[in-house]
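Participant: pasting the structure only:
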DNA sequence: CTTGACTCTAGACTTGTATCAAGGGTCTAG
DNA sequence: CTAGACCCTTGATACAAGTCTAGAGTCAAG
């Protein structure tokens, strides 16, 4: 349980977090990770904090945040005044976006399910409800 | 109700379908639309069929099909032997993909909703459940 | 000291779906 | 006949989030 900043190479970090080396360098360029210390050779030298931060990024990505939003979350997460309020607000926005997306997909699913159900799976293309639905005029849903 | 192939310019088609001119040329390059007739001047000359086909593409896109899949649907839609069966199959696959996506988003939503609910919206960053969840070790979900 | 695995940089490439720009030719209303 | 709107082609650009390459330097083990 050593939380001290031991010295990890980029490859070791990548392996521990389960992310590609290139991705780490990419995040650094994009400002999602601070510039690390360097050995004399120029090799990047990371501590445990980087592992935590990469996991933060991964989890946030999994919750559907974009890298842009994650960059903001990372900044907020250290702001003692506004941080928590703003973080909650962003999370709520994300939640709403997800709910909208779900609702939209459900509408699409219902439409498609109905078509699939009503299609016999054989016969003339002119009678296939799926093809008809795709071809039909707007007027009737 | 004139279904004959009147002669439409690309701009007229674009306006009627509600799609950009560039998109029409792009679809042509991508094989989603057949190469149209040309006037002596080189102008593309379209009939009503193109309008229908563009609407087909738009509806299929709205159902979540990729352009690649739509290209295939278009080919299948004119196959009198296998068309209907194959179209139904593709629609079913699409449906399953959509349902998986919905389920995944619902999991994400539930997790995020719980976090948002449990966050007071003020106080120290170290106590914010959202930030904690993003930072925490894997062990407990 | 050599070998093989690792790392460095800069920059090009990927995927999907378009959208835009440059530099020209055409069509139509007045 | 001319102005303005429209169309042509080719090739570049955009977005997100990486992924890959080339060519060179470094590290650890035997």
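Facilitator: Okay, I see it. Remember, it's a predicted structure, so these values are computed and weren't measured experimentally.

Participant: what are the buried residues along stretch A:49-66?
Facilitator: A:50, A:52-60, A:63-65 (16 or more other C-beta atoms under 10 Å in any protein chain shown). Just so you know, the C-beta spots here come from the backbone N, C-alpha and C atoms, and that holds for glycine as well.

Participant: between these, which sits nearest residue B:133?
Facilitator: When these are ranked by distance to residue B:133 (C-beta to C-beta), residue A:59 comes first, at 7.1 Å.

Participant: now the closest one: closest residue in space that isn't a chain neighbour?
Facilitator: Excluding the flanking residues, the one nearest residue A:59 by C-beta to C-beta, 6 or more residues apart in numbering or on different chains is residue B:134, at 5.0 Å.

Participant: how much space between the spatially most central residue of chain A and chain B?
Facilitator: The residue lying closest to the centre of chain A (C-alpha atoms, centre = their mean) is residue A:61, at 2.9 Å. Distance, residue A:61 to chain B, using C-beta to the nearest C-beta, to the nearest Å: 10 Å.

Participant: contacts only, for residue A:118.
Facilitator: residue A:129 (C-beta atoms under 8 Å, 6 or more residues apart in numbering or on different chains).

Participant: and residue A:53, by the same measure?
Facilitator: Residue A:53 sits next to A:32, A:33, A:74 when contact means C-beta under 8 Å, 6+ apart.

Participant: quick one: is the helix or strand containing it near DNA strand D?
Facilitator: Under the criterion of DSSP states H and E, residue A:53 resides in helix A:48-62. Yes: against DNA strand D, helix A:48-62 shows contacts by C-beta under 7 Å from any atom of the strand at residue A:61.

Participant: the residue nearest to the centre of chain A contacts residue A:69, doesn't it?
Facilitator: No: Residue A:61 lies out of contact with residue A:69 (C-beta atoms under 8 Å); the separation is 9.6 Å.

Participant: ok so, going back, what about the residue nearest to residue A:59, how many residues nearby?
Facilitator: Residue B:134 has 26 neighbours, counted by other C-beta atoms under 10 Å in any protein chain shown.

Participant: how far away is it from DNA strand D?
Facilitator: Residue B:134 sits 15 Å away from DNA strand D, taking C-beta to the nearest atom of the strand, to the nearest Å as the criterion.

Participant: what mean pLDDT does the helix or strand containing that residue get?
Facilitator: Taking DSSP H and E as the definition, residue B:134 sits inside helix B:129-135. Mean per-residue pLDDT for helix B:129-135: 79.
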